[in-house]
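Peer 1: Could you look at this predicted model? Sequence included:
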Amino acid sequence: MKNGTVHDKGVYTGFAVLLTVLSAVFLSASILGGAFPSGHDIMLAAVAIMAWCLSALHPHFRANDERWHRIRERGMFYSYFILLGFLLALMAVFSFTNFDLDGYRTVSVVASFLISSVFLTFVVLSKRM
């Protein structure tokens, strides 16, 4: 602990393990029940991915230096174009197939993809920069 705040990598890893187990249970229950996962199931998996990424990124955002600011800036820039590509692919799937989702699940899929892509982009850029 430093200055009353928790900046321990173990905390992020612990949350990541807990969220991964919870999302695996919820997703497997949905899939074994014969239904497409609900929106909250998908969002829980995205938050688990985010927790794993924060665990991997801990040394970088702990330093809070110029390199971390560049990683965040470029990560958001690349994630914007990744999201645009995903939305185009999703529109093509909805247009050319019989695949149909209700509004809540569609928004949950897009939001979970956005959360995952942003943090995974941060991890990739932290390894490359």
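Peer 2: Sure thing, it's come through.
Peer 1: Assign V47 to helix, strand or coil.
Peer 2: With DSSP: H, G, I helix; E, B strand; the rest coil as the basis, V47 sits in helix.
Peer 1: how many other residues sit next to it?
Peer 2: Using other C-beta atoms under 10 Å as the criterion, V47 is surrounded by 20 other residues. For every residue, glycine as well, the C-beta is placed using N, CA and C.
Peer 1: Excluding sequence neighbours, find me the nearest residue to it.
Peer 2: Using C-beta to C-beta, 6 or more residues apart in numbering and skipping residues adjacent in sequence, the residue nearest V47 is L19, 5.6 Å away.
Peer 1: For the helix or strand containing C53, name the packing helices and strands.
Peer 2: C53 is located in helix 39-63, with elements delineated by DSSP states H and E. In terms of contacts (3 or more C-beta pairs under 8 Å, 6 or more residues apart in numbering; DSSP states H and E), helix 39-63 is packed against helix 9-32, helix 66-96, helix 103-128.
Peer 1: okay, these in CSV with distance to S55, mean pLDDT and mean neighbour count next?
Peer 2: Output for the helices and strands packed on helix 39-63, formatted as CSV (distance: least, C-beta to C-beta, whole Å; pLDDT from 0 to 100; neighbours: other C-beta atoms under 10 Å):
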stretch, distance to S55, mean pLDDT, mean neighbour count
helix 9-32, 4, 91, 15
helix 66-96, 15, 93, 13
helix 103-128, 10, 93, 17
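Peer 1: For my notes, confirm F36 occurs in a strand.
Peer 2: No. Using three-state DSSP, the secondary structure at F36 is coil, not a strand.
Peer 1: Name the nearest residue to it, ignoring sequence neighbours.
Peer 2: Take F36 and drop its neighbours on the chain: the residue closest to it by C-beta to C-beta, 6+ apart is R105, 6.6 Å away.
Peer 1: Can you tell me the centre-most residue of the protein?
Peer 2: The C-alpha lying nearest the average C-alpha coordinate of the chain belongs to S116 (C-alpha atoms, centre = their mean; 2.2 Å).
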